[in-house]
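Peer 1: can't give you the sequence, but here's the structure:
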């Protein structure tokens with residue numbers, strides 16, 4: 001049985017397709033794992049963002065009269081907490097809805 005050039009091309013094409021299929025399947029599987037990890041991170045960051053906002057509201061309500069800030073013993077500690085809160089409040093998880101609200 002003599003193999004012609006066409007037969008070699010067909011066999012090569014089949015092998016190339018099989019290898020390509022395996023590579024694509026493997027990359028798709030890895031991509032899906034990364035998407036699952038990303039969803040977990042976004043869920044965590046969303047809860048962290050909500051916690052930061054809640055803490056900011058509580059700190060603001062806590063010292064409405066300025067009692068803690070004016071006290072020498074507690075004042076420095078309260079000022080440090082408020083400073084840390086100002087740094088944290090800049091961290092926000094932005095999604096499509098928040099971007100639309102900012103544009104309007």
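Peer 2: Okay, I see it. On a predicted model such as this, the values are computed, not experimentally measured, just so you know.

Peer 1: Just give me how far the longest helix seen in the chain sits from the chain centre.
Peer 2: Using DSSP state H, we find that the single longest helix of the chain is helix 5-62. Centroid displacement of helix 5-62 relative to its chain, using CA atoms, centre = their mean, to the nearest Å, is 12 Å.

Peer 1: packing partners for that helix?
Peer 2: helix 72-89 (3 or more CB pairs under 8 Å, 6 or more residues apart in numbering; DSSP states H and E). The C-beta positions use only the backbone N, C-alpha and C, and glycine is treated the same way.

Peer 1: Where in the protein is the helix or strand with the lowest mean pLDDT?
Peer 2: Within the chain, no helix or strand scores below helix 96-103, which has a mean of 46 by mean pLDDT, DSSP states H and E.

Peer 1: quick revisit: looking at the longest helix of the chain now, give me its mean pLDDT.
Peer 2: Mean pLDDT, helix 5-62: 91.

Peer 1: now the angle from that helix to helix 72-89?
Peer 2: Helix 5-62 runs at 150 degrees relative to helix 72-89, counting by axes from the mean of the first three to the mean of the last three CA atoms, to 10 degrees.
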